[in-house]
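1. Predicted model and sequence below, questions to follow.
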Amino acid sequence: MGSFFAVLQKNVMNRRIWTTRQELRIAIVTWIERTDHRRRRQDTLGRLNPIYYETIMTTPTTQAA
């Protein structure tokens with residue numbers, strides 16, 4: 001987790017001076033959704049990104065609930 005927060009700080013928090021916490025929060029969520037989760041590949045997921053893995057592993061019944 002230490003490296004995650006270091007990358008987050010380098011790529012989001014230290015890029016500019018944030019005027020409100022809300023702006024920073026939105027920037028962090030956007031960065032995580034666009035960059036970190038969508039591109040990261042996991043060995044335990046068969047080298048698939050988490051979103052794709054969840055899509056193929058979720059049954060239609062579970063999705064409807």
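-> Cool, got the structure. Numbering: from 1, shown residues only.
2. what about Val29, how many neighbours?
-> Residues lying near Val29 (other CB atoms under 10 Å) number 11. C-beta coordinates here come from the backbone N, C-alpha and C atoms, glycine included.
3. Show the model's pLDDT score for it.
-> On the pLDDT scale, Val29 is placed at 87.
4. ok now do it, which residues does it touch?
-> Contacts for Val29 (CB atoms under 8 Å, 6 or more residues apart in numbering) come out as none.
5. Could you check the lengthiest helix in the chain and say which residues are buried?
-> In the chain, taking DSSP state H as the definition, the longest helix is helix 21-31. Residues Ala27, Trp31 are the ones in helix 21-31 that count as buried (16 or more other CB atoms under 10 Å).
6. Restricting to C-alpha, output that helix in CSV.
-> Extracted as CSV, the C-alpha positions of helix 21-31 are listed here (Å, rounded to 0.1, in the frame of the first residue of the first chain):
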residue,chain,number,x,y,z
ARG,A,21,-11.1,19.2,-0.5
GLN,A,22,-13.9,18.4,-2.9
GLU,A,23,-11.7,19.2,-5.9
LEU,A,24,-9.0,17.0,-4.5
ARG,A,25,-11.4,14.2,-3.7
ILE,A,26,-12.8,14.3,-7.3
ALA,A,27,-9.2,14.3,-8.7
ILE,A,28,-8.3,11.3,-6.6
VAL,A,29,-11.4,9.3,-7.5
THR,A,30,-10.9,10.2,-11.2
TRP,A,31,-7.3,9.1,-11.1
